[in-house]
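>>> pasting the sequence and the predicted coordinates here, then a few questions.
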Amino acid sequence: MGDRLAVPALLSDWLFTSAFGVYMFAALLCSAEYALTRHAANPPAFAVRVGRAGVALTVLGGLLHLGSVVLRGVATGRVPWGNMYEYLSAVGLIAVVAWLYVVSRYDMRRMSVFVLLPIASLLFLAGNRLYAEAAPLVPPLRSYWIVVHVAAAIMASGVFLLSGVVSALHLVSSGEFSRKGDELSGKGGPSRRLPPVEHLDKIAYRTGAVGFLTLTFAIITGAVWAEQAWGRFWGWDPKETVAFVSWVCYAAYLHARATAGWRGRRSAWLNVVGLVVVLFNLFFVNLVAVGLHSYAGVD
């Protein structure tokens with residue numbers, strides 16, 4: 001890589017590391033707000049100020065993160081999602097943007113720590129274990145379909161991460177993980193600090209629906225790209241198979257959410273299972289399984 005392109009690549013790496021640090025500091029402030037809040041309906045004024053500072057830092061981290069992604073694209077002269085490092089970075093950015101939108105629309109700020117920590121973990125893994133030097137795309141990926149298909153997959157993964165975390169909080173808030181549901185309603189208990197289950201259920205459903213539509217589009221465009229590249233629309237490649245399984249999981253979740261008797265905990269569990277499948281596809285299939293989609297860029 002020439003010196004002219006090495007500079008934006010280096011700046012991209014610096015911004016990525018800075019964004020990670022800012023996210024962690026924001027998570028610390030948000031965790032302080034959560035710890036200081038004994039009841040969701042009546043948080044202390046100091047806790048509110050701390051939480052707002054955490055959100056402000058999350059916005060700053062998002063801007064740094066966006067700069068990192070853009071500069072990566074400038075350095076490589078292509079879309080900035082050509083390997084696992086870049087893909088996970090983009091997924092994390094989508095999750096942050098989606099969460100900031102949720103916070104702006106709903107009273108969910110206190111839950112930020114539960115979203116920021118998984119995102120920061122994703123970025124830590126990307127930057128320390130899956131990092132790849134800025135380089136041109138491998139020949140099989142040099143297609144305009146990478147702009148459409150992979151961008152849709154990134155958006156779906158980021159939104160599903162958010163939706164799954166909110167469903168997990170729904171299960172905690174409803175007492176699913178306690179031996180006695182009444183224990184969670186004690187003074188300062190987790191359920192008293194979380195938003196009402198109805199709000200969590202609504203947010204998980206709406207974000208899950210957006211992710212499902214985007215995943216559907218990603219699968220369709222992926223099939224078209226596969227026909228052009230390999231001469232068939234579908235070949236049950238490991239990546240294709242697990243993507244279809246995740247699509248079925250989220251279709252089941254959305255159907256269950258609209259079905260009497262399945263709304264609430266049961267549908268929330270389906271959403272969490274869907275997220276597990278997405279993560280399995282993201283890591284195991286990309287890094288361990290061998291197939292036509294083995295372009296992780298990891299040695």
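Thanks, I have the structure now.
>>> what comes into contact with stretch 38-53?
For stretch 38-53, the external contacting residues (CB atoms under 8 Å, 6 or more residues apart in numbering) are 29-30, 32-33, 36-37, 107, 109-110, 112, 187-188, 192-196. Glycine gets a C-beta too; all of them are placed from N, C-alpha and C.
>>> out of those residues, list just those in helices.
Among the contacts of stretch 38-53, the residues falling in helices (DSSP state H) are 29, 30, 32, 33, 36, 112, 192, 193.
>>> ok, back up a step: can I get the buried part of the contacts of stretch 38-53 as one ChimeraX selection?
Here is the ChimeraX selection string for the buried members of those, based on 16 or more other CB atoms under 10 Å:
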select :29,30,32,33,36,37,109,110,112,192,193,194,195
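>>> coming back round to it: and the ones in helices among the contacts of stretch 38-53, which is closest to residue 86?
The closest of the ones in helices among the contacts of stretch 38-53 to residue 86 turns out to be residue 112 (CB to CB; 25.1 Å).
>>> where's the closest one relative to residue 157, distance?
Separation of residue 112 from residue 157 (CB to CB, to the nearest Å): 20 Å.
>>> separation between residue 12 and residue 70?
Taking CB to CB as the measure, residue 12 falls 8 Å from residue 70.
>>> these two: which is more packed in?
With neighbours defined as other CB atoms under 10 Å, residue 12 and residue 70 compare such that residue 12 has more, 24 against 14.
>>> list the buried residues in the helix or strand in which that one is found.
According to DSSP states H and E, residue 12 maps onto helix 3-36. By 16+ other CB under 10 Å, the buried positions in helix 3-36 come out as 8-9, 11-13, 15-16, 18-20, 22-27, 29-34, 36.
>>> please identify the buried residues of the helix or strand just after it?
Later in the chain than helix 3-36, the nearest helix or strand by DSSP H and E is helix 45-76. For helix 45-76, the neighbour count (16+ other CB under 10 Å) marks 47, 50-51, 53-55, 57-58, 60-62, 64-65, 67-69, 71-76 as buried.
>>> repeat for stretch 77-86
For stretch 77-86, a neighbour-count test (16+ other CB under 10 Å) marks 78, 79, 80, 81, 82, 83, 84, 85, 86 as buried.
>>> and the fifth one, which of the three is it?
Think residue 82. coil (DSSP: H, G, I helix; E, B strand; the rest coil).
>>> once you drop chain neighbours, what's closest to it?
residue 137 (4.8 Å; CB to CB, 6 or more residues apart in numbering).
>>> that neighbour and residue 146 touch, don't they?
Yes. Residue 137 lies in contact with residue 146 (CB atoms under 8 Å); the separation is 7.3 Å.
>>> who touches both of the two?
Here residue 137 and residue 146 share the contacting residues residue 82, scored by CB under 8 Å, 6+ apart.
>>> wait, residue 281 sits on residue 243?
Yes. At 6.1 Å, residue 281 and residue 243 qualify as touching, with contact defined as CB under 8 Å.
>>> who touches residue 121 in this structure?
Taking CB under 8 Å, 6+ apart as the definition, residue 121 has no contacts.
>>> from residue 129, how far out is it?
From residue 121 to residue 129 the distance is 11 Å (CB to CB).
>>> likewise residue 249?
Taken as CB to CB, the span from residue 249 to residue 129 is 26 Å.
>>> next one: residue 258
For residue 258, the distance to residue 129 (CB to CB) stands at 40 Å.
>>> now do residue 230
Plainly put, residue 230 is 30 Å away from residue 129 if you go by CB to CB.
>>> can you check residue 228 too?
Counting by CB to CB, the gap from residue 228 to residue 129 is 32 Å.
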